[in-house]
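1. Need the 3D shape of this:
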Amino acid sequence: MNRSTKPPDIAVIIPACNEAASIAKVLSDIPKGLAAEIVVVNNNSIDDTARIAREKGALVVDEPDQGYGSACMKGVEYLKSRPHKPDIVVFLDADYSDYPEEMIALIEPVFEQNFDLVLGSRSRGKMQKGAMPAQQIVGNRLATFLIKTLYGVQFTDLGPFRAVKFDKLLSLDLCDRTYGWPIEMQLKAVRQHWRICEVPVSYRPRIGKSKISGTIKGTIMAGYKILSAILRYR
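-> Next up is the predicted model:
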């Protein structure tokens, strides 16, 4: 980052549901001193996710309403309640499939080039074999093709690892409480003519079983949410 100017206030939101096996690794790999606050949203976990996160120094807030979007919104609500709001918020999954140390690559275009939203593209980065199920790869390609066709914007991924200006994020009025949160953010940002870019990120097989792509129901519901959002916000 450019050290000639004041560094931004950065917050990290990590939605987590039963990620006791991975949350410590995720928190340990976030670059030290980068974030002013790391918020783990305990999304109705029945394991030791919350305890481990606290022991690793994260602030834990509870969101009993199950759903990825619900957890993200809870984290945003907490940050809104802070006396000093962050400049940038990073969303990061708790399953250790992303590489937290690559967070700097997401933040730099926001801080140094004034992008509003920076998306971590697994398709453009180094993806380990088996990290993403075949149905998820196909679904990603179909969704990005439809976005290009209907919106005229080329994305290569819909991944959740991303950095966004906090004040701009609040202007989107996001409301999807389930799998559609990331795509809703992207599409509403496009409609508001944000400056958006992608950066390559690495990706590995997650620890534990995915609640979305790891089940038939989750895969179908995620696909439905994504496709319906693409058509709705057009």
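2. Please make it C-alpha for all contacts and neighbour counts, starting now.
-> Will do.
3. How about residues contacting the host helix or strand of V76?
-> V76 is part of helix 68-81 when elements are defined by DSSP states H and E. With CA atoms under 8 Å, 6 or more residues apart in numbering as the test, helix 68-81 has contacts from 13-16, 39-43, 61-63, 65, 85-86, 175-181.
4. so what does whichever helix or strand comes after that helix touch, helix or strand wise?
-> Going down the chain from helix 68-81, the next helix or strand is strand 88-91, by DSSP H and E. Packed against strand 88-91 by the contact rule (3 or more CA pairs under 8 Å, 6 or more residues apart in numbering; DSSP states H and E) you find strand 10-16, helix 103-113, strand 162-165.
5. Columns mean neighbour count and distance to R206 on top of the ones you listed, output as TSV?
-> Shown next, in TSV, are the helices and strands packed on strand 88-91 (neighbours: other CA atoms under 10 Å; distance: least, CA to CA, whole Å):
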stretch	mean neighbour count	distance to R206
strand 10-16	25	13
helix 103-113	18	17
strand 162-165	24	17
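6. can you put the ones you listed in JSON lines and add distance to G57 and mean pLDDT?
-> Shown next, in JSON lines, are the helices and strands packed on strand 88-91 (distance: least, CA to CA, whole Å; pLDDT from 0 to 100):
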{"stretch": "strand 10-16", "distance to G57": "13", "mean pLDDT": "98"}
{"stretch": "helix 103-113", "distance to G57": "18", "mean pLDDT": "97"}
{"stretch": "strand 162-165", "distance to G57": "21", "mean pLDDT": "98"}
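7. tell me the contacts of the nearest residue to K148 once chain neighbours are set aside?
-> Nearest residue to K148, sequence neighbours excluded (CA to CA, 6 or more residues apart in numbering): Q154, at 5.1 Å. Shown in contact with Q154 (CA under 8 Å, 6+ apart): 144-145, 147-148.
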